[in-house]
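Q: Give me a 3D structure for the following:
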Amino acid sequence: MAELHLYDVIRRPIITEKSNAMSEGAVPHYVFEVALNANKIQIRDAIEFVFPVKVAKVNTMIMPIKRGRRGRKTYNRSQSWKKAVVTLQDGYSIKLFDV
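A: A predicted model of the protein is given here:
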């Protein structure tokens with residue numbers, strides 16, 4: 001597998017009502033879209049490199065392709081992508097989400 005640069009691992013933050021509620025809880029969780037071939041160790045290293053925080057845990061999930069239909073023909077509306085839920089250690093927060 002090709003080695004990813006730390007800036008290539010994190011694609012974008014996922015900002016939804018659910019992810020905002022998770023970031024405001026007692027233990028902060030932050031949600032990111034990450035590269036499909038990135039593993040948990042690479043995600044942890046990238047988060048700690050880009051943001052001045054310490055990561056406690058990383059949970060990942062691959063979101064499936066969404067399919068569409070026009071008559072009898074089916075097509076892919078979106079590609080599959082990987083989502084990472086990052087749990088930080090106590091006392092840390094990411095200022096990007098504190099808007």
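
Q: which SS class is residue 48?
A: State at residue 48, reduced to three classes by DSSP: H, G, I helix; E, B strand; the rest coil: helix.

Q: What score does it have for pLDDT?
A: Per-residue pLDDT puts residue 48 at 95.

Q: Verify the stated contact: it with residue 55.
A: Yes - using C-beta atoms under 8 Å, residue 48 makes contact with residue 55 at a distance of 5.8 Å. C-beta here means a position set from N, CA and C on the backbone, and glycine is covered the same way.

Q: If you count surrounding residues, which of the two has more?
A: Ranked by neighbour count (other C-beta atoms under 10 Å), residue 48 and residue 55 place residue 55 first, with 19 against 16.

Q: Could you give the bridge partners of that one?
A: Residues in a beta bridge with residue 55, per DSSP bridges, are residue 88.

Q: per-residue pLDDT, it?
A: Residue 55 is assigned 96 on the pLDDT scale.

Q: Can you give me every residue that contacts it?
A: Residue 55 sits next to 44, 47-48, 86-89 when contact means C-beta atoms under 8 Å, 6 or more residues apart in numbering.

Q: gap between the most centrally placed residue in the chain and residue 84?
A: The chain has residue 32 as the residue nearest its centroid, 2.1 Å off, counting by C-alpha atoms, centre = their mean. The gap separating residue 32 from residue 84 is 5 Å, by C-beta to C-beta, to the nearest Å.

Q: hey, what's in contact with both of those two?
A: Taking C-beta under 8 Å, 6+ apart as the contact rule, residue 32 and residue 84 both touch residue 43.

Q: Show me the strands in the chain, by range?
A: For the chain, the strands defined by DSSP state E cover 10-13, 29-34, 55-63, 66-70, 73-78, 81-88.
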